[in-house]
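Asker: After the sequence you'll find the predicted model.
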Amino acid sequence: MDSVTLFCFTFNCAQVIHSPKTIQKGLKKALNGTLYPDIVFLSLQEVGPIYDVFWGLGQSYVDPFIDAVVNLTTSNYSLVSQCSAGLTFGLLFQRKNSQVSISDVQTSSVTFGYFETGLKGAASVRIKVSDETTKLGPVELTFVAAHLAANEGYKHLRDHNFRDIARKLAFFNDTKHKSRSFLYKDNAHVFILGDLNYRTALPRQTFVQGIAAPDTTPPKWSQPSSSYVDDWFQYDELTKSRQQADAFIGFTEPTLGFAPTYKFTDSRDYSRRRIPSWCDRIMYIDAFVSNSDQKVPPILVSEYTSLPDVAGSDHIPVYALITVPLAQPGILAPEIVQKLSSKDIAVSSESIPIVASLRGVDRADRNGLPAVIARQIKLQDRHIVARNSRIKNTEKLIGVVVYLLQTTIGNEILIGFGAGLISVTIYWMFRSNES
């Protein structure tokens, strides 16, 4: 075989547990009539309640998805890697009877929710794949599960979140962390998928299950075309961010032809509280220049659509079936590298070795590094240190607060504490009057 087949799936789980049978049924419908892919990558956001996940109790919410994929076919899949960034998880599977060999598994994560916590973030897996029979490869693949800033009117925050992902994800090439690479890298395919939260950029009052006819009071609503794309997609924020190079520089999205995937009510109608939007997306870098005389075949996307069969959330999941040639894609195009540099985003280039840390690096060698690379290494090191201390402690504190405010038991604790405090206060007031 001269290519590897991928199934990429993204789903905002709405912080509830899902049935493995329901998930598996949806996945099988998506794969109906196709050969089961060599690699499956799931991007899961809001996997479980904040208090459970932040206190390390979120695995029970992830296990149904693992069970659904592991037992997807008679040939079965094996879990290669699980990575997480707070409430966002990435799961990578390999089909057991596949000719594809996976090696050099690396993971990285970045969080950028309130106080840099994992309320929002990105979890990533980087692997090398090759064909055991034809000896083609290895080719490097990076999968990023992402959940960006929410709410309408915050495109600038989502753009900033992407730049955090591009700058702070650090992949260390060995256990001793002697060298590292960045998200953007020569000869490395990158796939990013998740609840990217980009909205349809029109005032909310112009939408109620359709587009308002002008100059009517009250407004009259007309249903859009069956796919909604013709009427609404021109206002999509993510497309504008890509076109203006505000975010996702060098990324390509397959042709989108499905209806908005957010926000739904329990009855699976669009909620009037939000503008229907394509929040859930899948993209990949397609900005390479071949560094050989041989032209590299392009990435092929045979299907890119939503999967309404998987319910239980106010989002509808999205998936893509992708074929990647087992050949080096080439170096990143110079104009892409220039645009990235203007956003202070560094690229791992074969011509510039990336040191693991600026600590211990001779000053002359350090001064020889491009400034954008030196700044990015410092930024990554600071985030890694913060993730292992301050941010984790903040997440636990947030978990406690959310538990007290959002659960029945937590409310009872607060009421009991409040009642006890009032009783003590009254007691001391009477004691003071008696004396």
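Answerer: Everything's here; your move.
Asker: From here on, just use CA atoms for contacts and neighbour counts.
Answerer: Fine.
Asker: Could you pull out the strands in the stretch 201-350 of the chain for me?
Answerer: Assigned by DSSP state E, counting those that start in this stretch, the strands in the stretch 201-350 of the chain fall at 211-212, 221-222, 251-252, 280-285, 288-289, 300-306, 318-325, 331-332.
Asker: any idea of the mean pLDDT for the second one?
Answerer: Averaged across strand 221-222, the pLDDT comes to 38.
Asker: so what's residue 308 closest to, chain neighbours aside?
Answerer: Closest residue to residue 308 apart from its sequence neighbours, by C-alpha to C-alpha, 6 or more residues apart in numbering: residue 316 at 5.6 Å.
Asker: OK, contacts around that neighbour?
Answerer: By C-alpha atoms under 8 Å, 6 or more residues apart in numbering, residue 316 lies in contact with 11, 12, 261, 262, 280, 306, 307, 308, 310.
Asker: correct me, but residue 345 touches residue 164?
Answerer: No - at 9.1 Å, residue 345 does not count as touching residue 164 under the criterion of C-alpha atoms under 8 Å.
Asker: who's more crowded, the two?
Answerer: For residue 345 versus residue 164, the count of surrounding residues by other C-alpha atoms under 10 Å is larger for residue 345: 23 against 19.
Asker: any idea how far the residue nearest to residue 308 lies from residue 255?
Answerer: 18 Å (C-alpha to C-alpha, to the nearest Å).
Asker: re earlier: would you turn the contacts of residue 316 into CSV with neighbour count and distance to residue 395?
Answerer: Below are the contacts of residue 316 laid out as CSV (neighbours: other C-alpha atoms under 10 Å; distance: C-alpha to C-alpha, whole Å):
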residue, neighbour count, distance to residue 395
11, 26, 23
12, 26, 20
261, 22, 29
262, 25, 27
280, 26, 25
306, 24, 32
307, 20, 32
308, 13, 32
310, 21, 30
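Asker: Using CSV, please lay out those together with pLDDT.
Answerer: Below are the contacts of residue 316 laid out as CSV (pLDDT from 0 to 100):
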residue, pLDDT
11, 98
12, 97
261, 91
262, 92
280, 98
306, 93
307, 92
308, 89
310, 90
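Asker: Tell me the one of those nearest residue 410?
Answerer: Of all those, residue 410 sits closest to residue 12, with 25.3 Å by C-alpha to C-alpha.
Asker: I'd like the distance between the closest one and residue 283.
Answerer: 17 Å.
Asker: which one's the longest helix in this structure?
Answerer: helix 408-434 (DSSP state H).
Asker: Can you list the buried residues in that helix?
Answerer: residue 410 (16 or more other C-alpha atoms under 10 Å).
Asker: Over to stretch 135-154?
Answerer: 136-150, 152.
Asker: Quick one: end-to-end distance for that stretch.
Answerer: This stretch, stretch 135-154, spans 47 Å end to end (C-alpha to C-alpha).
Asker: What's the mean pLDDT across it?
Answerer: On average, stretch 135-154 scores 92.
Asker: And the pLDDT for residue 218?
Answerer: At residue 218, the model reports a pLDDT of 42.
Asker: ok, back up a step: may I see the strands of the stretch 201-350 of the chain organised as a markdown table, with distance to residue 170 added?
Answerer: Formatted as a markdown table, the strands of the stretch 201-350 of the chain follow (distance: least, C-alpha to C-alpha, whole Å):
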| stretch | distance to residue 170 |
| --- | --- |
| strand 211-212 | 44 |
| strand 221-222 | 48 |
| strand 251-252 | 19 |
| strand 280-285 | 18 |
| strand 288-289 | 21 |
| strand 300-306 | 28 |
| strand 318-325 | 24 |
| strand 331-332 | 18 |
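Asker: do you know which of the ones you listed lies nearest residue 37?
Answerer: Set against residue 37 and scored by C-alpha to C-alpha, the strands of the stretch 201-350 of the chain come closest in strand 318-325, at 8.1 Å.
Asker: and that closest one with strand 300-306, angle?
Answerer: Interaxial angle, strand 318-325 versus strand 300-306 (axes from the mean of the first three to the mean of the last three C-alpha atoms, to 10 degrees): 170 degrees.
Asker: Just list the residues touching the spatially most central residue of the chain, thanks.
Answerer: Residue closest to the average C-alpha location in the chain (C-alpha atoms, centre = their mean): residue 146, at 1.3 Å. The neighbours of residue 146, taking C-alpha under 8 Å, 6+ apart as the test, are 43, 45, 88, 120, 121, 122, 123, 192, 193, 194, 195, 196.
Asker: tell me the helices in this structure, going along the chain?
Answerer: For the chain, the helices defined by DSSP H occupy 20-30, 50-54, 59-70, 155-168, 229-232, 237-243, 334-342, 363-368, 371-387, 390-406, 408-434.
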